[in-house]
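**Student:** Okay, here's the prediction I keep looking at, along with the sequence it came from:
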Amino acid sequence: MATKSVKLGDKRKSSSSDKPPKSEKPTKKARSDKETSAPAKQRIASSRKAFEAEGDLSDEEDGGADLKSEDDHKHKKAKLSSGTSDGKTFERGQTSRESHALQKQLAQERKAAKPLADELARTKKLWERLRRKSHVPKEERQGLVDELFTIVTGRVRDFVLKHDAVRAVQTAIKYATMAQRREIAQELKGTFAQLAESRYAKFLIGKLLGHQDDEVRDLIVPEFYGKVKKLINHPEASWILDDIYRGVATKEQKDILLREWYGTEFALFKPENGEAVTADLPKILKNEPSKRGPILKYLFGMINNLIQKQMTGFTMLHDAMLQYFLCLPPDTEEHKEFVEIIKADDNGDLLKNLAFTRSGARLVCLLLAYGGAKDRKQILKTYKDTFELMCGDRNAHAVILTAFDVIDDTVLTSKSILPEILGKSEDKEAENVFFCVNNPNARIVIRYPFEGTSKSLFPPSHWSDLGLLKEVHAIRKNTSKKDPEVRRKEIVAAMSPALLRVIASSAKDIMSTSFGCQMITEVLLSAVGDKTEALNAVAATAEGDPNQEPEENPDSLAPPRPHPARDPFAARMYKTLVSGGHYDKASGKVKAADPPLNFANTLYDVIKSHIVAWATGPGSFVPVGLLEAEDFEPRKAELVKTLKKNKKLLEKASIEETAEQKAKREALAAVDSEEGQEVDKAAARKGRKDKRKGAKKELLVGNAGAKILLEKL
């Protein structure tokens with residue numbers, strides 16, 4: 001073996017004879033020996049002791065080498081002198097610092113040799129200054145932007161594909177004028193699909209489109225036509241494509257992009273000028289039924305491809321999934337297969353993402369409506385710990401409304417959904433309910449079981465919810481067994497305890513907004529259980545003199561709240577609760593709650609010392625309600641007697657102009673005479689409308705409630 005190693009060594013030496021000497025650079029074998037010398041030393045030392053104890057020869061006598069020999073010291077000294085202690089090779093006579101300085105100089109020379117090197121360097125310096133927005137005066141910033149545009153104009157394509165320079169271009173767009181942005185967009189025309197695939201340049205597209213310029217939008221969006229299949233699967237371009245589809249594209253542009261999910265022909269053949277473009281797949285298949293198979297197969301392939309890649313957050317994907325689902329007849333193999341693919345997502349990310357887009361939420365609602373008990377239970381399980389977030393979302397709240405309407409197992413609903421919405425503990429209930437009351441979406445969720453599809457609950461911005469619920473109600477006739485009214489009452493019974501506790505503990509805070517007053521009214525009229533504490537808490541908020549000015553709280557920045565008698569929404573709440581129910585226009589009577597509230601006597605005990613102030617103020621309809629309430633009959637004579645003693649005050653209030661009437665009259669007078677402060681166009685149009693009304697009908701003067709009380713006296 002020794003002879004063989006020598007020959008190998010000789011061969012290695014002879015092969016390098018015509019190359020520069022490498023004696024200063026240790027070989028891999030020498031380095032590995034060095035690294036393993038410590039454990040080897042321990043093993044050899046222990047072996048030596050054992051051999052010496054037995055009278056054997058030592059290492060030196062056996063031809064071994066001492067670990068701390070003189071040769072090793074010389075070898076270490078040579079390494080240190082040649083600068084290889086850290087594994088790096090330097091020129092002879094150079095230190096590590098000198099070598100690094102030389103390398104840095106060479107790197108700078110290489111950068112300087114590249115095209116636009118000076119321009120890039122200056123651009124970076126300008127960007128470093130511009131990005132500190134709060135530290136740069138406006139005049140200086142404008143000068144920097146002008147200089148930056150001078151550099152990049154005509155060279156934008158060279159800059160945007162460099163990760164450091166593209167940020168400077170984005171900053172230039174941020175502070176640019178509309179004309180300058182259009183100039184950059186024109187210069188980049190034809191490259192936007194390529195830029196979308198860039199890790200850094202894709203943000204430039206977002207900057208250009210973020211200023212809502214129609215000309216720039218119409219220049220950029222068409223460049224994505226015919227490339228949807230490629231870009232939606234690209235890790236970088238997919239997100240910018242979906243952002244454009246969701247937030248920038250017009251309806252026609254969205255339809256053109258979505259149609260490419262239906263097949264190659266929709267990507268290759270563009271609609272002719274004047275031809276109506278639609279992405280409504282049921283309508284397309286109705287006109288061309290022979291293409292149903294190929295289109296659905298192609299669409300399913302694209303959908304399934306993204307689902308398998310777990311790229312499920314795209315609005316475009318959700319729109320495509322809804323269109324596919326609408327073309328599947330219920331109880332077919334295609335329908336079942338599609339539902340199973342959605343349910344098969346282990347993490348539930350697909351269903352969670354679907355709930356927060358308009359098309360996705362509708363799809364989930366239809367899945368709940370068509371699904372069986374097991375499907376519905378699995379969907380609810382997926383949304384665990386998400387219902388609180390869904391409750392306040394513009395789209396996702398519709399999923400909860402549908403769950404209320406179609407799931408027969410109300411115990412499952414109450415255990416899965418209600419604790420997250422209303423709070424899992426009594427300490428959390430007040431906070432959650434207060435949030436729900438003042439959130440435009442969440443308030444619909446907690447009031448829906450009490451009010452149903454009442455138009456007063458759904459403002460015009462949420463009329464789409466009514467259309468979706470109507471569709472769900474038509475489907476549940478065949479898929480749900482329980483009577484809808486029974487289901488609604490069971491959900492109300494499950495929600496009532498928490499809501500009544502919150503009203504009893506925080507009635508004054510909830511009443512601070514008009515929506516809170518509406519919620520209290522509906523809950524007290526329809527809730528199930530003991531309402532005594534809640535009614536007493538609501539009545540207690542009416543304490544005090546309505547004419548007394550509210551005291552300011554020095555510890556709060558919020559303006560002081562007026563007395564509830566001067567709040568039209570609170571006064572209406574008192575009036576409805578005193579009446580015991582809502583007024584039914586069809587029958588001309590009050591539809592009393594069952595069981596009766598008997599709130600009239602509770603409230604009168606609180607306000608009777610200031611009943612005259614109530615009768616002559618903005619809350620005058622509350623005493624009117626007391627006189628009309630059936631449960632107040634035994635004490636009606638007492639109230640009438642008090643009012644008769646103050647008849648002159650009632651007469652004065654009935655003919656005097658109220659503060660609200662005075663403000664309205666002065667506003668109309670200012671419009672008629674074109675005096676006062678300048679108003680915007682919308683306010684001016686409203687003023688002219690009121691003026692026309694005033695010409696036909698004179699403004700009412702006097703307290704209407706006081707007039708009715710005088711008639712009843």
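**Tutor:** It's in.
**Student:** can we go C-alpha only for contacts and neighbour counts from here?
**Tutor:** OK.
**Student:** Surely residue 564 touches residue 570?
**Tutor:** Yes. Counting by CA atoms under 8 Å, residue 570 is a contact partner of residue 564 at 5.6 Å.
**Student:** Give me the residues contacting stretch 658-666.
**Tutor:** Stretch 658-666 is touched from outside by 699-703, with contacts defined as CA atoms under 8 Å, 6 or more residues apart in numbering.
**Student:** Export those residues as a markdown table, with columns for neighbour count.
**Tutor:** What follows is the contacts of stretch 658-666, written out as a markdown table (neighbours: other CA atoms under 10 Å):
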| residue | neighbour count |
| --- | --- |
| 699 | 12 |
| 700 | 11 |
| 701 | 15 |
| 702 | 19 |
| 703 | 25 |
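**Student:** Of all pairs in those residues, which one is the farthest apart?
**Tutor:** 699 and 703 (12.4 Å; CA to CA).
**Student:** Would you mind listing the buried residues in the one helix or strand residue 362 maps to?
**Tutor:** Assigned by DSSP states H and E, residue 362 belongs to helix 358-370. For helix 358-370, burial by neighbour count (16 or more other CA atoms under 10 Å) applies to 358-370.
**Student:** One more: stretch 490-498?
**Tutor:** The neighbour-count check on stretch 490-498 (16+ other CA under 10 Å) flags 490-496, 498 as buried.
**Student:** do the same with stretch 152-159
**Tutor:** Residues of stretch 152-159 classed as buried by neighbour count (16+ other CA under 10 Å): 152, 156-157, 159.
**Student:** What about the buried residues of stretch 490-498, which are in helices?
**Tutor:** 490-496, 498 (DSSP state H).
**Student:** what's the burial count for residue 289?
**Tutor:** By the criterion of other CA atoms under 10 Å, residue 289 has 11 neighbours.
**Student:** List the buried residues for stretch 447-467?
**Tutor:** Across stretch 447-467, burial judged by 16+ other CA under 10 Å covers 447-451, 457-458, 462, 465.
**Student:** What about residue 262, how many residues nearby?
**Tutor:** Neighbourhood size, residue 262 [other CA under 10 Å]: 24.
**Student:** How about the contacts made by it?
**Tutor:** Residues in contact with residue 262 (CA under 8 Å, 6+ apart) are 295-296, 298-299.
**Student:** Contact partners for residue 219?
**Tutor:** By CA under 8 Å, 6+ apart, residue 219 lies in contact with 185-186, 189.
**Student:** Which among the residues you listed count as buried?
**Tutor:** Buried, going by 16+ other CA under 10 Å: residue 185, out of the contacts of residue 219.
**Student:** In CSV, list the contacts of residue 219 along with secondary structure.
**Tutor:** As requested, these are exported to CSV (DSSP: H, G, I helix; E, B strand; the rest coil):
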residue, secondary structure
185, helix
186, helix
189, coil
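**Student:** And the helices in the stretch 51-200 of the chain?
**Tutor:** Taking DSSP state H, counting those that start in this stretch as the criterion, the stretch 51-200 of the chain carries its helices at 70-82, 96-113, 117-130, 138-152, 156-160, 165-175, 178-187, 192-196.
**Student:** Let me have those in TSV, extended by distance to residue 627 and mean pLDDT.
**Tutor:** Listed next are the helices of the stretch 51-200 of the chain as TSV, based on distance: least, CA to CA, whole Å; pLDDT from 0 to 100:
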stretch	distance to residue 627	mean pLDDT
helix 70-82	106	48
helix 96-113	91	74
helix 117-130	71	78
helix 138-152	67	84
helix 156-160	77	81
helix 165-175	66	84
helix 178-187	66	91
helix 192-196	71	93
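**Student:** Quick one: closest of those to residue 397.
**Tutor:** Among the helices of the stretch 51-200 of the chain, the nearest to residue 397 by CA to CA is helix 192-196 (33.3 Å).
**Student:** in what helix or strand does residue 537 lie?
**Tutor:** Here residue 537, judged by DSSP H and E, is contained in helix 532-540.
**Student:** Which members of the buried residues of stretch 152-159 define the maximum pairwise distance?
**Tutor:** Counting by CA to CA, the most remote pair of the buried residues of stretch 152-159 is 152 and 157, 8.9 Å apart.
**Student:** Mind listing the shared neighbours of those two?
**Tutor:** When CA under 8 Å, 6+ apart defines a contact, no residue borders residue 152 and residue 157 alike.
**Student:** Look at residue 574 and report its pLDDT.
**Tutor:** In this model, residue 574 is scored at 96, pLDDT.
**Student:** whoops, I mixed them up, residue 532
**Tutor:** pLDDT, residue 532: 94.
**Student:** Let me see the domain layout of this protein.
**Tutor:** The chain breaks down into these domains under automatic domain parsing: 108-224, 563-713.
**Student:** check contacts around residue 518.
**Tutor:** By CA under 8 Å, 6+ apart, the residues touching residue 518 are 569, 573.
**Student:** how far away is it from residue 443?
**Tutor:** Distance from residue 518 to residue 443, counting by CA to CA, to the nearest Å: 10 Å.
**Student:** now do residue 570
**Tutor:** For residue 570, the distance to residue 443 (CA to CA) stands at 18 Å.
**Student:** helix or strand for residue 591, which one?
**Tutor:** strand 589-592.
**Student:** which helices and strands does that strand pack with?
**Tutor:** strand 581-584 (3 or more CA pairs under 8 Å, 6 or more residues apart in numbering; DSSP states H and E).
**Student:** Flag every buried residue along the strand it packs on.
**Tutor:** Within strand 581-584, the residues scored as buried using 16+ other CA under 10 Å are 581-582.
**Student:** Can you give the strand pairings for that strand, parallel or anti for each?
**Tutor:** strand 589-592 (antiparallel) (DSSP bridges).
**Student:** Give me the most central residue, this structure.
**Tutor:** residue 393 (7.2 Å; CA atoms, centre = their mean).
**Student:** Dihedrals phi and psi, that one?
**Tutor:** Torsion angles at residue 393 (phi, psi; degrees, to the nearest 10) stand at phi -90, psi 150.
**Student:** No further questions, thank you.
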